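>>> below is the sequence, then the predicted model.
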Amino acid sequence: MTEQTKDKKVHGVVAEYTDVDSLMAACRRIRDAGYKRTDAFTPFPVHGIDDALGIKPTVLPWIALGAGATGTMIALAMQIWMNGIDYQYIISGKPFISLPAFIPVAFELTILLASFGTFFGMWALNGLPRFSNPIFTNPRFDRATDDTFFLYIDAKDPQFDQAGVERLLGDAGGEQITAVVDDDTPTKIPRFLLTAIVSVIALSMIPALIVAKMRVTTSDKPRFHIFMDMDLSPAKDAQQTSTLFADLRAMRPDVPGTVARGAFDGNLDYLTGIDMEELSMTDAPRAQRLVAAYAQGDDASAQAGGDDASADSGDAAAQTDKTPWLKSNPLDVDMDVVQRGQTQFGIYCATCHGLDGRGNGLVNQRAQRILATAWVPPSNMHDPTLYQDQYPDGKLFSTITNGVRKMAGYASQIEPEDRWAIVAYVRALQKSQNASLDEVPAADRGTIEKEVADVKQQLKEAAEAERQRQEEAAAKAAAEEAEQATEEADADSADDQ
Amino acid sequence: MSDHAIQSKPADDPAFQLPSLLQGLTFPLIIAGVLALIAGAALGHFGVNPTFGMSVYLTSVMYVLTIAVGALFFVLIQHLCKAGWSVVVRRVAELMMVMIIPLAVLFIPILVSFTGEGVLYKWDDPGYAAATGIDTTVWGEKSRWLTPGWFIVRTLIYFAIWGGLAVWYFRCSRTQDETGERTLTESMQGAAGPAIIAFAFVTSFAAFDWLMSLAPMWFSTMFGVYIFTGGILSAHCAIALFTFLLQRQGALRDEVTKEHYHDLGKLIFGFICFWGYISFSQYMLIWYGNIPEETHWFYERSQGPFLSISALLIVAHWAVPFLAIMSRHVRRRPALVALIGAYILVMHFIDIYWVVIPEADHAHEGLGVGGAVGVLASLVCVLGMVMLMVGLMLKVAGNTRLIAVRDPRLQESLAFHNI
């Protein structure tokens, strides 16, 4: 112990050992002597040194477990709140709170927080961050990474007594026993380092400032592109023009004569709702036009071909419509088809025609409310002129396909099979309004009869009540009239006088 | 580096011989195993239907085969990374991996099941194609790969590669017991790299062929890894369990320490996570994509009795062992590691059962688990298979030492100590 170190704070005592065995023996001795705040420094890992020093297992696994569990909880709570409660948004038809979809995020956040917990927990347990340890003041300590073993007893140990500890370490075979004292290197950060740090921070702001300036000012210089090919892609956007083609359109229409795979199966009756064989006999040119239009797969002309069939299907022209429409649905109508039709009707038709087909859907209601001038109210499906005998299935199909009056054609949105399913559903809807009791399954008739009887009874009572009220009102009116007549008569007589 | 030196015993020490109790169990186990195996398969065949009987048999074969293949992987990977710690338990794994040879023989009934009753693989069944609504083009493409002849050829290739590796490694290891040649270790290490690559392909394709093609319209590229994961997890469990039983009977008392159980426990824990991760990865993509021909497989497993088994797998194959073996204190107690190992081995059977049995419903008649008779048949059959395999393994173990006595890394393994 030298003079210089005498007045400095002593942090502990360190002893050197030349080999593992003497270090381990010394470790056991100081452990048995009851020292708790001890540490050993070796150039390589030594198995069993924890036991020899009596170091308890670390609590780090518990920190990792706690942090990981916190991560799971945060992730689940966050997703349940966001997707299940705060902003409900259907994703691929899954439920709002859909655990399988939440697991990846929960897993990632568990790992993230467990890693952070472990990493920063290790820092905290080791007393980091810390720029220097007093033990480094001993220049001989550098050999801890080379060929010498060190054993350290901290002054904070309740049993610590410098002289006793030095003796004990010496007895245990230690050489070069030294006290660990405060580091006397200046703690002040050098000026040049401060200047450098401040300069780096200042310089790092320049790009951000340039961007900020660019965002608020205009310039007549050419624009600066970091990713030239992404800002100025040679590929055209959908509605841009191009000089490459005569029509200047960048987005190319189908080449005439091409048919998309699976788009055309040759069954024109099915696609038009018209009995083509009969049409070719009565109106051959139109049949040829239709065939040509569909064979080319050109939607626009196909619709035009169908259009002159349905354009005149208005009320006045209905009598002159000579088109041989298909009388019945080409699909095998069963429960599945009708239900499919109901779904499609609900999606595409119900907005205007209403779910019950009475022509009072939400769009119509709004049009009435805002008094839309160009609005033509949608047809009531229960109008007798739209029944199968007057308005054949094929014609209904064609109307869905090509539109009528204000209604647009739905050919591009609904597949032919679904259009036929809608036709089947509309027929079912119409039927539902005109069904007789003997069409109801026998088991359900009793219920319906009872309901009908109840309704009739209610109507009767309501009518009775109404009649009574009217009678009372009439009696009252008659009485008032009589009174008035008397008054008038009095007035007359008064005038006369 | 350790604070105490370990003295290795001479090579002929009785601690390296199979204990007499286990030696005596060899033939009873083999005989009882064969009888139970036949009884179980027959019960499934006559009690339920021929296809079910064959499925029960396939479940038993695949159960022990995945464990044997997992043991082969264990041996390969220890050589590949020149691991020192595992030398004392490697012979146990080697005994398990050579069981691939008898399993190749036991696979023959599955190959002949293409003809006659009990057809397992319904690749050319038009009714199945119609019932699952599979596209004919896809079906046609798959049919080119899934034909009986090519299937048998592939099976032979798989067993040739697995069996060849298993026998070669076992021979090298045993030769070294006598000669102590260092070059044997070096050549085993040299072969481990290519062997692992071959192993990965064979295991994956075998899982596709033998298990995934039970539902030929279904496909999952993750499936090979899924089956492999169950196998390697169970192999670690089986190594821990068998080593523990050997120690209880007096063998390897000083050689295998709690440090080795600790490391086996760490690997078991890791592979439990991996199993959960792989199973979920496979499930989630299919669940999210929601494509009919993919979801069909999981849909069948969410019906009737299989729904409870699916739920059981999540809880009992992943959550329970995950929490059970998470603690270091548990992993450092050999009896607990062996107990959890035995538990996971049971779960692995349920896992394989869950893969195979729903597909036994050949004509889609809603067969399910085949009633009480079907469950009994499955249990008897797999019990017979396990007894037979343990018996055969004890037979091999009786003629060899239970530790690689002249392995150059034995000293390192004996002194192994977790930091």
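Nice, thanks for sending it over.
>>> give the burial count for residue 125, as a bare number.
No chain in the question, so chain A it is. Neighbourhood size, A:L125 [other C-beta atoms under 10 Å in any protein chain shown]: 12. Every C-beta, even on glycine, is put in place using the N, C-alpha and C of the backbone.
>>> my question was about chain B, not that one.
14.
>>> neighbours around A:A485, how many?
Counted with other C-beta under 10 Å, residues neighbouring A:A485 total 10.
>>> for A:T351, that is, sorry about that
So A:T351, with other C-beta under 10 Å, has 14 neighbours.
>>> where does it land in three-state SS?
helix (DSSP: H, G, I helix; E, B strand; the rest coil).
>>> pretty sure it contacts A:G361?
Yes: at 5.0 Å, A:T351 and A:G361 qualify as touching, with contact defined as C-beta atoms under 8 Å.
>>> gap between whichever residue of the stretch 51-200 of chain A sits closest to chain B and A:P377?
At 5.2 Å from chain B, A:P100 is the closest residue in the stretch 51-200 of chain A, using C-beta to the nearest C-beta. Distance of A:P100 to A:P377, given as C-beta to C-beta, to the nearest Å: 47 Å.
>>> B:M62 contacts B:D351, doesn't it?
No: in this structure, B:M62 is not within contact of B:D351 by C-beta under 8 Å, at 10.1 Å.
>>> quick one: which of those two has more around it?
B:M62 (28 against 25).
>>> which non-adjacent residue is nearest the more buried one?
Distance criterion C-beta to C-beta, 6 or more residues apart in numbering or on different chains; nearest residue to B:M62, sequence neighbours excluded, is B:I352 at 5.2 Å.
>>> what's in contact with the helix or strand where B:V92 lies?
In this assignment (DSSP states H and E), B:V92 forms part of helix B:87-97. With C-beta atoms under 8 Å, 6 or more residues apart in numbering or on different chains as the test, helix B:87-97 has contacts from B:67-69, B:71-72, B:74-75, B:78, B:166, B:169-170, B:173, B:235, B:238-239, B:242-243, B:246, B:252, B:255-256, B:260, B:264, B:393, B:396-397, B:400-404, B:407, B:409-410, B:412-414.
>>> again with stretch A:49-58
Contacts of stretch A:49-58 (C-beta under 8 Å, 6+ apart): A:23-24, A:27-28, A:30-31, A:36, A:38-40, A:42, A:125, B:3, B:328, B:419.
>>> now the end-to-end length of it.
From its first residue to its last, stretch A:49-58 covers 14 Å (C-alpha to C-alpha, to the nearest Å).
>>> ok, residue 348 - contacts?
Using chain A. Contact analysis of A:Y348 by C-beta under 8 Å, 6+ apart lists A:410, A:413-414, A:422.
>>> could you do chain B instead?
B:63, B:66-67, B:230-231, B:233-234, B:237, B:317.
>>> apply 6 Å and report the result again.
Taking C-beta atoms under 6 Å, 6 or more residues apart in numbering or on different chains, we find B:H348 in contact with B:230, B:234.
>>> secondary structure element for the residue of the stretch 51-200 of chain A closest to chain B?
Going by DSSP H and E, A:P100 is part of helix A:99-126.
>>> around chain A, pick out the residues from the stretch 251-400 of chain B.
B:284, B:287 (C-beta under 6 Å from any C-beta of the partner chain).
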